Structures are given as C-alpha cells and as structure tokens.
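Trainee: need a 3D model of the sequence below.
(chains A, B, C and D)
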2 protein chains.
Amino acid sequence: MTQAVRHDSMRARNLGVVLGEVRRSGPVTRAALAEMTGLTKTTVSKMVADLLAAGMVTETGVPSRGERGRPGTAVALSGGRVAALGLEINVDYLSACVVDLTLEVRLRRARAVDNRAASPVETLSHLREIAREAVEEARSLGLVVAGSTLAVPGPVDDGLVHSAPNLGWRDVHVGELLDGLLTPLPTVDNEANLAALGELWFGSGHRDFLHVSGEIGIGAGLVVDGALFRGSHGLAGELGHVVVFPDGPPCRCGGRGCLEQYAGQEALLRAAGAGTVEELAGRLREGDAAALAACERAGHALGLALTSAVHLFDPGTIVLGGVFAPLFPWISGAVLETTAARLSAIRDAVPDLAVSRLGGDATALGAAGQVIHRIIADPVAYVTASRTAPAGSKPR
Amino acid sequence: MTQAVRHDSMRARNLGVVLGEVRRSGPVTRAALAEMTGLTKTTVSKMVADLLAAGMVTETGVPSRGERGRPGTAVALSGGRVAALGLEINVDYLSACVVDLTLEVRLRRARAVDNRAASPVETLSHLREIAREAVEEARSLGLVVAGSTLAVPGPVDDGLVHSAPNLGWRDVHVGELLDGLLTPLPTVDNEANLAALGELWFGSGHRDFLHVSGEIGIGAGLVVDGALFRGSHGLAGELGHVVVFPDGPPCRCGGRGCLEQYAGQEALLRAAGAGTVEELAGRLREGDAAALAACERAGHALGLALTSAVHLFDPGTIVLGGVFAPLFPWISGAVLETTAARLSAIRDAVPDLAVSRLGGDATALGAAGQVIHRIIADPVAYVTASRTAPAGSKPR
DNA sequence: CCGATTTAGTCCACTTAATGGATTTAATAT
DNA sequence: ATATTAAATCCATTAAGTGGACTAAATCGG
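Mentor: Residues are numbered from 1 along each chain as shown, chains lettered A, B, ... in the order given. Predicted coordinates for the structure are as follows:
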C-alpha cells in the first residue's frame, strides 16, 4: 500500500527527488533544479545546503556559458564521503568492490577460492575477511561505507539463501553469519538480478532490457524503466529452464530440453570439446569447426528461449553477459537469425541484441550500485536538517 | 522519476491513502483509519468529512461490537454517486458495463455484432451508441460516469491500436473516433491485460497470478502484488506465441510450433472436429474420444508454455480464463501433469492452477474496475476541500 | 442505577515545510 | 558607467498535519 505522507516524509521524499535530479542531470544549478523538480528556488536552496553539509554534493566551478545574468554555481554528486560495498560469492571466487556516490569504483578485491569444497560457514568467514579489508581501506580513503549488498548464485528470500546448487548450499541464513561486521547488515540478492542492475548503472545506459547472465546456470534479469522485475517470490528470470526442445535431454530441474542443456556453460564446453571458456574462445578465433558448430547450436537454442522471453517480457533490448559476452561474435548470429524469423512478423520492433561491456564484473558492481541508488533515493538518514529559524528567531 | 511533493499533492495523496484504506478494510471507523494510515485522528476526520461531502463514502450503522467505550461510526465506500464505464470490442460482440465505487456491477449491455465484417468506423459508431445508452441509464440511476476504459483485442499504445488481427484493424486511433461522447476520453487497453485486472478485482481474490485468457489468440496478463506487468512497450504476455515445439506447424506470427497452434481456439476445435466451444464442451461431457484427445494435446502444449512462463514470470497462481474456463475439467489434468513434472524439482511451490469464475466477462469488468481503482487511488479531482478556517476566522 | 472507565470524534493552538514575491548578488550588454 | 538579466537568498505567508485537551457515548462494576 502507498504510505501516508506527513511533513517529515514530504521533506525526506523531496530531498531524494532533488538528489536524484542532481545525479540524473550532472552538475546543475539550484535554479535549474527548481525548474526540473517543480519545487521553488527557496526550497531547493535549503535542501542543497543540507546536502552540502552532509558531504553528498559539492559545488563545482561555474559553467560560465557566456550568457547574461548572474551565473549559477552548479552542484554535483560528491564522491568524497558516502560509499557502498558490493560483495559477491561465486563458485570459484569471492569479490568485493567499493563504489562512491558518483558510481565511481574506488576499490576492488577478488580472491580465487573453491567454494564448492568449503562449507557455507568457511566461505562466509573468508568473505568476512575480504569485506573487513575493503571497509578499512575505504576508510583510509576518507569514505564511509553506508551499506552493502551481497550477491549469491541462487534464489534468495530476505537474507535466506534457499538453495545455491552450484555451491552446494541449502537454506543458509547469510545475514546471521555476517553479523557484527557490517552495519546495517548487507542485503542479500540473487546474482542474476544484481548483474542486470550492474548493467543498468555501469553498462550501456539502456533503461529497458533483458540481461542474460550465463554462468554455470543461465539466469536473466529484466529491467523495465530502470526497475528490476522480480516476480512474486523473487524467482523470476530463470531463463535456463525455459523449454526449448520438449523431448530433449533431461535436465537437473526434472524437465527435459531446457535451455541450459544446450547453452549452459557445461553443455557448451562439452559440445565444443573445450575445458574452459577461454580455451573455447581461442578455438573459435582459430576457426575450429566443432567449436563453431557448438556455438551455432547454443545460439539457436538461446534464440528459441529468447523468442519466448520476448513474447512474455516484451523487453526493450537484450544484453548478453556472463560467458556469452566473450563468445558473442560466434553466438549472436544464430541468436538473431532465430529470433528475427520468429518475431519480426508480429512485432514492430525486434529487440536489439547487445553485448555486455562488463561481463562478470556486473554482479559486484550491481550489488554496490544498489546500495548507492537506495541512498540517493532516500538520503534523509544521512542529512541533518539545518533549522530554518534556530529557536529564538523572532527579532524582538 | 518520482515527483516532488508539495502541500497540495501531500493532501491529494493522503486522500487517496485514506480512501484506499476504506476500500481495503470495508466499513471502518475514523479512529481505525487513523491507526492504519498513520495519520492523526484529526486529519482523518477532516478527510472523511470531505469524502462524505463528495458522496464517495457513507456512514454505515455502528458495528456495535459490545466493547467498552464510545462506539465509532464506520464509513464505507458509497456506491451511490461515482461510477465507471467499461467497454469491450471483440470479434463477435460489443459490450458495456457500469460499475460503482464499491465495484458493484450496476448495469450491463451486450450486443452480438460481427465486427470482422465491419470497418473500424462502423464498429466504433456502433459502440458509441451502446456507450451512450449505458451512460444515460446510469444517470437515471443517479450515477455519474467519471471515466471509462475500452478493451480491444490487440496491442495498444496510448489510444492507438497497432493491430488487431482478428478484427482486421491496423493503426486505428480509437480515441479520436469516440470524441465528443465521453469526457474524459476513454483509456484504451488490451483485452488480455484488462481480463487479468478483472480477475484481480472481481475474481478469486488472488493478488499474484498469471491470467490466461484464451480466445482466438491466447494472451496472458501477469499481476504481481496487485499490479499489472506490461513490459517495455505494453506488449508483454503474448503467451500464444511462446515456442512449444520449435519444429511444429507454422504460425501466422512467422514462427513455428507456437502455443496457439496447439491450444488456440481454432486449432483446438479443428483437432476435436467441433464447430464451437459449446459443441466441444458437449462432446467432452459425452466422453467423445477425439475431443478428449484434442484437449489432452492442448493441455500438454499449454503446460509446456506455462512451464516457460513460470520460470520467467514466477507467478503466484495460474488462472485459466476465456475458452479455457469451460474446458478446464478436461484440460487441467494434462497441464498440471506437464508443469508439475518440470517444475517441482526446482521450485518449492509449483503455482496452483485455478479456473476463472468470470470467463469472458472479466474483460469489460476489468475495464470498468481500472477506472474505479484510479479514482480511489487519487480522488482529489472529485473532492472539494472544506476550508479549515473560512477566511475571517480569527475571532477578534 | 450512578460513577468510573474507555474509546470515538472534534476543537484549537502549534509545528513543519513549502510558497511567492522582494531583495541582493554577479555576471553580460550597451 | 549603467542597464539588463539571471541566480540565490530573505522573509512573511500559507497549506496541511500534529498533539493534547475536550466532549460524547458506550460498557463495567459496585
């Protein structure tokens, strides 16, 4: 339900609106902010003063556009104070990154660890260490880590990881195991979702797209008008188990002919006779026939699954990330051929097919970016109001 | 972007919050409303006074719960004044209904017309007549028709019907052709979307479901937490063209093996050797083998498409409406068998499969309901504020 | 059966946060 | 140097909600 608005929440919301507009429009003057938000110059000025005091924005040099009249002093997001921590647990590595308010990546940490062999407790205590180091290093840069998000490769519901099959996890309460280190406790979210958000905030700039993040499994995150679609239980976007050939080979999900059986990392490497994605990419560059045929087949299957996804989701663009990013040149042809044949007659615009520039980095970046975006949308907790009339204001 | 809040929009929003709570909680006292919304009793009282004056709520008899203390006077939505018109154009009929604020259906009009044979202009002038009659009859019941929505069988973008293949329409500007009769002009929306909303507001009470509305085509509307999912261009939910058997028979969409080729009304009737859905239902009741086999086959295909849809959409429940409603007893078995086999190993909860109680009525009801819901969410246009202190208030 | 208790709803003085117009400030144009 | 223009601030006003006091109308309990 929409919540009632009171004076304090009105201010809180307007602060968020102003700060959001500062982000959207780069350096802007107070007058322009007033224009854009519909608030008065007075109100905007007061808010900007508070945001300046909180270290969330800075005054930048006057743009000096050679126009008449007093030039405004522009304000822009300040990267100097507030920051967010993004954490990622994946099958064979842990990583952390710290991002400031301007979405500048301030530091990165990654460590190769085989988390399949480790228990959740071991993995999480390892992660704890990395997180602590990152927070300390951020502090030495003058940054305050205001929040964190953790990405895990599996469906998550409110801090509980239902199952992460590739990690061998079942019903792990991540929040509890990280208690004490980070305040507030990190938000925990699904890898594919966060990768899509990473693509939104750090990638090509689209605001409507379906991001396909092929790893061991194949997940997809749908972003519509800058917002992630999660479904009723947060399990939406399981592209890997969309039915492609109903009578195909059995899948670990209990079904048959799921996309994962044709375009999943394991199936793809097996079909190409390669050990790793890098090896496969090398063979493709050499023009290896088996490798090319494997990509062709995977691309066709992916195209079929994406056809269904486009009919259901109606995305603006399709962005291929994860392992599909390095293989894009050899996969995209088959994908496009399949989707175009099945979509063009009924849709005005067949979604573009694009590569992710981020690849595997998208996830941790998305995790940190999510925190930043929440702070920008609702910065009131970090801003102390400058009293307009400090107590005994009335002169005589 | 979230819009800035000012004093007037604060009041507008809070009015909507209060009225929404009145709807949600049936007859409630002002004190309970204050509790639920977080506003003070004072504020709620003022708003209820204005809503009473606008005829949007009424005071109902005291519930008299035998508790201590002064009993409150409950208020509930009033069906006596504000109403909405729902209109539907379909292949072989036109229909209209008027619904009041309490979502009570106050009147209904339907006329069998073959709209395939008619031009858009003819069809719309016919619709105009029906709409005028409905508005007049509503007025004679003391109702004010505050808005209207028109359902058409095809994708719609801001009043423009891109293509309604079953009507033979292409790029019809519906709004313009209805000019002059209804103010404000009706909203135009897709049939499948509105059927899903009809199911939400007039049906079984679920707030998270995928509504499958099988007619000539097969559309689906996804409702998540009471909100319709529309995709980037409003074309989401085209379940009929989800790929079921990639090498199956060609479809008018340019693809092959789409769901529509197996479970669409035409394919189903042809396979069963029946002329109409009623005839098919009759044969099924008699135990006709060909009819049963056709339903079995359609159910299996529908199950495959729904498997993909569940993986992507993650709906709470699946509701079968349209032609699938009367055929439910003979189709649901095959659907469930297919989906359960492919979903149960990977999902904790396989969505329930339910029948729509509304069948074909869902569409027009959803159209009218949408208007009502918009009014309840933002009633400020219909409410004149009672000035707290009328001008010269200060006593001396 | 009458006072105590409890809850609903209203009244009123006060607070918050925004508004709008006047004023000050700092540029460019003439 | 002066006029013009736009940015930013100042200040009195206004809209809308708050909170506590007050009144109203029930049930409870001796």
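Trainee: buried set for the helix or strand of chain A with the lowest mean pLDDT?
Mentor: Least confident helix or strand, chain A: helix A:174-177 with a mean of 80, by mean pLDDT, DSSP states H and E. Residues of helix A:174-177 classed as buried: A:174, A:175, A:177 (neighbour count, 16 or more other C-beta atoms under 10 Å in any protein chain shown). For glycine as for every other residue, the C-beta is placed from the backbone atoms N, C-alpha and C.
Trainee: could I get those residues as CSV with distance to DNA strand D?
Mentor: Compiled in CSV, the buried residues of helix A:174-177 are given as follows (distance: C-beta to the nearest atom of the strand, whole Å):
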residue, distance to DNA strand D
A:174, 37
A:175, 32
A:177, 39
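Trainee: could those residues go into JSON lines alongside distance to chain B?
Mentor: Listed next are the buried residues of helix A:174-177 as JSON lines, based on distance: C-beta to the nearest C-beta, whole Å:
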{"residue": "A:174", "distance to chain B": "18"}
{"residue": "A:175", "distance to chain B": "20"}
{"residue": "A:177", "distance to chain B": "22"}
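Trainee: and residue A:189, helix, strand or coil?
Mentor: What DSSP: H, G, I helix; E, B strand; the rest coil gives for residue A:189 is strand.
Trainee: next up, the contacts around it.
Mentor: Applying C-beta atoms under 8 Å, 6 or more residues apart in numbering or on different chains to residue A:189 gives the contacts A:149, A:150, A:151, A:152, A:156, A:367, A:370.
Trainee: one more time with 7 Å, if that's ok
Mentor: A:149, A:151, A:156 (C-beta atoms under 7 Å, 6 or more residues apart in numbering or on different chains).
Trainee: what about the last one, how many residues nearby?
Mentor: When neighbours are defined as other C-beta atoms under 10 Å in any protein chain shown, residue A:156 has 23 of them.
Trainee: how about it, what does it touch?
Mentor: Each residue near residue A:156 by C-beta under 7 Å, 6+ apart is listed here: A:188, A:189, A:190, A:234.
Trainee: for it, give me phi and psi.
Mentor: Main-chain torsions, residue A:156, degrees, to the nearest 10: phi -130, psi 140.
Trainee: thinking again about what came up before, between the contacts of residue A:189, which sits nearest residue B:3?
Mentor: Residue B:3 lies nearest to residue A:149 out of the contacts of residue A:189, by C-beta to C-beta, at 27.0 Å.
Trainee: separation between the nearest residue to the closest one once chain neighbours are set aside and DNA strand D?
Mentor: Nearest residue to residue A:149, sequence neighbours excluded (C-beta to C-beta, 6 or more residues apart in numbering or on different chains): residue A:367, at 3.9 Å. Distance, residue A:367 to DNA strand D, using C-beta to the nearest atom of the strand, to the nearest Å: 35 Å.
Trainee: can you check residue A:323 too?
Mentor: With C-beta to the nearest atom of the strand as the criterion, residue A:323 and DNA strand D are 48 Å apart.
Trainee: so what's that residue scoring on pLDDT?
Mentor: Per-residue pLDDT puts residue A:323 at 90.
Trainee: you'd agree it is up against residue A:214?
Mentor: Yes: counting by C-beta atoms under 7 Å, residue A:323 does reach residue A:214; the two are 4.6 Å apart.
Trainee: okay, those two: which has more neighbours?
Mentor: Taking other C-beta under 10 Å, residue A:323 and residue A:214 do not tie; residue A:214 has more neighbours (28 against 25).
Trainee: show me the contacts for that one.
Mentor: A:263, A:265, A:322, A:323, A:324.
Trainee: out of the residues you listed, which is most surrounded?
Mentor: residue A:263 (32 neighbours).
Trainee: which one in the contacts of residue A:156 is the model shakiest on?
Mentor: residue A:234 (88).
Trainee: so that residue sits in a helix?
Mentor: No: counting by three-state DSSP, residue A:234 falls outside a helix, being coil.
Trainee: how far away is it from chain B?
Mentor: Distance, residue A:234 to chain B, by C-beta to the nearest C-beta, to the nearest Å: 7 Å.
Trainee: my read: that residue touches residue A:154, true?
Mentor: No: counting by C-beta under 7 Å, residue A:234 does not reach residue A:154; the two are 11.0 Å apart.
Trainee: between the two, which one's more packed in?
Mentor: More crowded of residue A:234 and residue A:154, by other C-beta under 10 Å: residue A:154, with 20 against 16.
Trainee: across the sheet, point out what pairs with the residue lying closest to the more buried one once chain neighbours are set aside.
Mentor: Nearest residue to residue A:154, sequence neighbours excluded (C-beta to C-beta, 6+ apart): residue A:164, at 3.2 Å. Legend: beta-bridge partners of residue A:164 under DSSP bridges are residue A:169.
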